[in-house]
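Return atomic coordinates for the entry below.
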Amino acid sequence: MTMINVRPLVVSVGCDPFTGRPLSIHVGGDSIAVLEVEGVRAEPAAYPVDQGPRTVFTVRTEGSRMRLAFRHRDRRWQMEGIDPRPDTGLAA
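All right, here's what the predicted structure looks like:
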């Protein structure tokens, strides 16, 4: 299971209005359901000055894992990484 860093791609993310948890990812004309949020990393203090703070979510969808970042200053979502075959690999 290797997350591949990709050039940040602006995506639209549907979230739970109370918790902010990602529920779906909209890329182009496709909508991808989020099955599970595997991890959340808040970066409120350590961030590049020109970008501002962000929160990074690692989510599992039906066919992949993705790393999504919510940039708080400009209120945009970006996909920064993808693991297109998350169930392939050696079990620990």
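
Extract the CA atoms of stretch 74-83 and return them as CSV.
C-alpha atoms of stretch 74-83 as CSV (Å, rounded to 0.1, in the frame of the first residue of the first chain):
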residue,chain,number,x,y,z
ASP,A,74,-9.1,29.8,0.7
ARG,A,75,-11.7,27.1,1.7
ARG,A,76,-10.6,24.7,-1.0
TRP,A,77,-10.2,20.9,-1.1
GLN,A,78,-7.3,19.3,-2.9
MET,A,79,-6.4,15.7,-3.7
GLU,A,80,-2.7,15.3,-2.9
GLY,A,81,-2.2,11.6,-3.1
ILE,A,82,-3.8,8.4,-4.3
ASP,A,83,-3.3,4.7,-3.7
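
Check the average confidence over it, would you?
For stretch 74-83, mean pLDDT rounds to 92.

Likewise for stretch 17-29?
92.

so how far is it from its chain's centroid?
On the basis of C-alpha atoms, centre = their mean, to the nearest Å, stretch 17-29 sits 10 Å off its chain's mean C-alpha point.
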